[in-house]
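A.B. asks: let's see this in three dimensions:
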Amino acid sequence: MSVPPPGPGNGPPSQDRPHDAVASALQRLPRTLSGARRRFLAVNGTAFLLTASLSATAGELFATRPVGTLPLGVVLGTLQLAVLLFTSWWYDRTLRRHADPLVGLIRRHAELVGTAPPQPAPAEALGRRR
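C.D. replies: As a prediction, this is how the structure comes out:
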């Protein structure tokens with residue numbers, strides 16, 4: 001009977017050989033965070049740019065009063081605030097559902113092997129992806 005060679009997932013976890021689930025979590029976490037951040041910024045950036053471009057090109061449009069006594073600028077500003085609040089809630093929910101379980105798995109593994117959890121890379125290193 002032969003013993004399988006040590007490798008990921010074989011034997012107890014160690015700092016050199018994390019379990020497959022931990023290795024997978026370490027790979028998925030940055031994609032999860034950047035995807036959620038990208039969607040948050042895209043939605044809010046689009047709403048902001050739309051409002052800013054409308055106010056710059058059609059300023060008199062913002063003074064019209066289509067709904068009772070409220071000018072259109074106030075209505076659009078309120079809608080932009082609602083979009084910001086909704087996407088903030090959505091971003092937090094996404095991280096709680098997808099990123100927090102991965103972080104918990106990494107922390108449990110770090111406690112098991114007795115090491116500190118991996119720290120995020122400096123911002124300069126993140127900008128130099130290939």
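A.B. asks: packing partners for the helix or strand where residue 46 lies?
C.D. replies: Using DSSP states H and E, the element containing residue 46 is helix 20-57. Secondary-structure packing of helix 20-57 (3 or more CB pairs under 8 Å, 6 or more residues apart in numbering; DSSP states H and E): helix 59-63, helix 72-94, helix 100-113. Backbone N, C-alpha and C define where each C-beta goes, glycine included.
A.B. asks: I'd like to know which of those lies nearest to residue 31.
C.D. replies: helix 100-113 (10.2 Å; CB to CB).
A.B. asks: what about the closest one, distance to the chain center?
C.D. replies: 19 Å (CA atoms, centre = their mean, to the nearest Å).
A.B. asks: and it, what does it pack against?
C.D. replies: helix 20-57.
A.B. asks: and the helix it packs on with helix 100-113, angle?
C.D. replies: Here helix 20-57 runs at an angle of 140 degrees relative to helix 100-113 (axes from the mean of the first three to the mean of the last three CA atoms, to 10 degrees).
A.B. asks: just the mean pLDDT for helix 20-57, thanks.
C.D. replies: Mean per-residue pLDDT for helix 20-57: 87.
A.B. asks: buried set for that helix?
C.D. replies: 22, 25, 29, 32, 33, 36, 40, 43, 44, 47, 51 (16 or more other CB atoms under 10 Å).
A.B. asks: touching stretch 71-91 from outside, list them.
C.D. replies: Stretch 71-91 is contacted by residues 36-37, 39-40, 43-44, 47-48, 51, 54-55, 61-67 when judged by CB atoms under 8 Å, 6 or more residues apart in numbering.
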